[in-house]
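[1] Predicted structure and sequence below. I'll ask about it afterward.
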Amino acid sequence: MQYLDKILHPQNKKTLYVLRGIFFGVAGIILFLLMFYGSQIIVSKFFLPQSTEHPHAASETNTILATVESADEATQTTNVLGLESGSWDGEIVSNVDVPIYPTGDGVIINWNVSIGKYVYKGQVLGQLSPPAGTIDQNLTLAERKGALESAKTKSSTATTYIAEARKRLQERRDAAGKLKDAAHKAADKEGDETKRNKEKADADSEYVKTATEIDIENAKLTQEQADANADIRGAEIASSAIGLDRNIYALKSGIISGISKNVGDYVTPDTLIASIGIENPTQNDRFIRFTIPNYYILPTVGEEVKIKRPGYPYITYAAKITGVGTAIDQTGSYTAEAVFNDVVNLSVHSKVRVVATNQKTQGIFIPVSALWFDETGKSNVWKVNEKNIVSPLVVETGRAIGDKVEIINGLTRTQKYISQVNPEIKSGVKVSQTKQPGSEKEVKEVSDDGHGHVHDE
């Protein structure tokens, strides 16, 4: 009783009330938490749909984004070298044309001819800009240029004079021949044979004397022409020694079949600037040389192709492949050639596109970022089925070109896959569609809880 009275003492009763309040407060909080989490478990267990695709999928609800593409779409947009599918860069070339190269470095300042014009061997086709130099060099160039022009003027004058002199000498020769013939006719009327023969002999002697004098004069004229030409040649050699001769010459007579450099272009002695062809080309005088990237199935000899010119989308030419190289060049491409089915008037060095009729890229190309490796070291991609469920797919890879890799086996063109591997993606998750920020690509959002969600940006 004394112990009870001690507890029920007014001061101890106050302490008891405080402890009892704390106890009930803590108990209430615990009960509230048990009821809250218990209801969450009951709702998720009995009222929310459960994923049956993968019983071992993670239970966390972390949401991630994954870009989904179709294999066919990725292959069509590979475009590693900027080439459309089944279409390759080409150039018109000729097996009978003579290439034209400049005599030195400089800028083309003028073309005197155009494609299709007939030219003669040695004709000046165009000019290069004069070379840069010091004041002394420029004075020397000017002096030698003046000497060259002077030599050309003298040669031209001499040629005109010599032509007139030769004409007069020929007239003198013709006149001497007529006098001889007249003397012979007059001698034939002479009854005395001795006198007749003497008169003919005198006429012949006079003709020979005149002809000899004419031959001597012609020889002098030939020497004068040779001296004039030698002066020009000497001036040209002196000018060429310091790069003064800036003319572009025709190396043979024929038709200008191509001009590959324009006025204002800088060229060097190894720059192809033009070409001269024959006047009437045949079917095989023009052909197409083109390159095929090594990720294409190589066409076969005899296969039909179409030739298109940039800027002329409605004009096509039929051609047939005549050869395909077996070795790749430094760009990883094969060289091939084709001939036109008919005679064409396309200029040499024209750029064209060679379009295959039924050409497919070899294999399937997908981004390298889509690959991941399993515990055995095999290459995999995350395949997305028609129900938008993700599952691993073992694939066999081929060549890597840029940021793409070739899929030889495992993935078909109609299948979809995740093009950017995310370590949080697991087998059995479901995807839903959304848009990737700043891109028009299709993006799918993946949630580990088996449900798709769209979140505000």
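    Ah, there it is. The model shown is predicted, which means the values in this text are computed figures rather than measured ones. Numbering: from 1, shown residues only.

[2] Only C-alpha atoms from now on, for both contacts and neighbour counts.
    Will do.

[3] Mind pulling up the pLDDT for Asp374?
    As predicted, Asp374 sits at a pLDDT of 90.

[4] where does the stretch 1-150 of the chain dip in pLDDT?
    1-16, 18, 36-66, 71-86, 131-142, 144 (pLDDT under 70).

[5] who's in contact with stretch 154-169?
    214, 217-218, 221, 224-225, 228-229, 232 (C-alpha atoms under 8 Å, 6 or more residues apart in numbering).

[6] mind listing what's buried in it?
    By neighbour count on 16 or more other C-alpha atoms under 10 Å, the buried set for stretch 154-169 is 154-155, 158-159, 162, 166, 169.

[7] what secondary structure does Gly116 sit in?
    Secondary structure state of Gly116, per DSSP: H, G, I helix; E, B strand; the rest coil, is coil.

[8] Leaving aside the residues adjacent along the chain, what's closest to it?
    Leaving out its chain neighbours, the residue that sits closest to Gly116 by C-alpha to C-alpha, 6 or more residues apart in numbering is Ile256, at 5.2 Å.

[9] doesn't Leu251 make contact with Lys121?
    Yes. Assessed by C-alpha atoms under 8 Å, Lys121 is found in contact with Leu251 at 5.3 Å.

[10] ok, those two, which is more surrounded?
    Leu251 (18 against 11; other C-alpha atoms under 10 Å).

[11] didn't that one look like it was pressed against Tyr101?
    No. Between Leu251 and Tyr101 there is no contact under C-alpha under 8 Å: 9.8 Å.

[12] Turn the contacts of stretch 154-169 into CSV, including secondary structure and distance to Arg286.
    Below are the contacts of stretch 154-169 laid out as CSV (DSSP: H, G, I helix; E, B strand; the rest coil; distance: C-alpha to C-alpha, whole Å):
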residue, secondary structure, distance to Arg286
Ile214, helix, 53
Glu217, helix, 52
Asn218, helix, 48
Leu221, helix, 47
Glu224, helix, 46
Gln225, helix, 42
Ala228, helix, 42
Asn229, helix, 39
Ile232, helix, 39
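
[13] could you say what helices and strands the helix or strand containing Ile248 packs with?
    Using DSSP states H and E, Ile248 sits in strand 247-249. When contacts are defined as 3 or more C-alpha pairs under 8 Å, 6 or more residues apart in numbering; DSSP states H and E, strand 247-249 sits against strand 124-128.

[14] What's the first helix or strand after the strand it packs on?
    helix 135-188.

[15] right, and the helix or strand after the strand holding Ile248?
    strand 254-259.

[16] residues making contact with that next one?
    97, 113-120, 273-279, 347-350.

[17] give me that answer again for 6 Å
    By C-alpha atoms under 6 Å, 6 or more residues apart in numbering, the residues outside strand 254-259 that reach it are 115-119, 273-279, 347-348.

[18] Same check on stretch 316-328?
    301-308, 334-341.

[19] So for stretch 390-398, what gets flagged as buried?
    By 16+ other C-alpha under 10 Å, the buried positions in stretch 390-398 come out as 390-395, 397.

[20] got it, and stretch 200-220?
    Applying 16+ other C-alpha under 10 Å to stretch 200-220 flags 200-201, 203-204, 206-208, 210-211, 214, 218 as buried.

[21] which of the residues you listed lies closest to Ile29?
    Set against Ile29, the nearest of the buried residues of stretch 200-220 by C-alpha to C-alpha is Asn218 (134.4 Å).

[22] ok, that closest one to Ser150 distance?
    25 Å (C-alpha to C-alpha, to the nearest Å).

[23] element containing Trp88, please.
    Short version, using DSSP H and E: Trp88 is in strand 87-94.

[24] same question, Lys383
    Element membership for Lys383, per DSSP H and E: strand 379-384.

[25] Can you name the residues in contact with that strand?
    Against strand 379-384 from outside (C-alpha under 6 Å, 6+ apart): 370-373, 390-395, 416-418.

[26] For it, output the C-alpha coordinates as PDB.
    C-alpha atoms of strand 379-384 as PDB (Å, rounded to 0.1, in the frame of the first residue of the first chain):
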ATOM      1  CA  SER A 379      28.100  -9.900 -79.400                       C
ATOM      2  CA  ASN A 380      24.400  -9.100 -78.500                       C
ATOM      3  CA  VAL A 381      21.800  -6.400 -79.200                       C
ATOM      4  CA  TRP A 382      18.700  -5.700 -77.300                       C
ATOM      5  CA  LYS A 383      15.800  -6.800 -79.500                       C
ATOM      6  CA  VAL A 384      12.400  -5.200 -79.100                       C
END
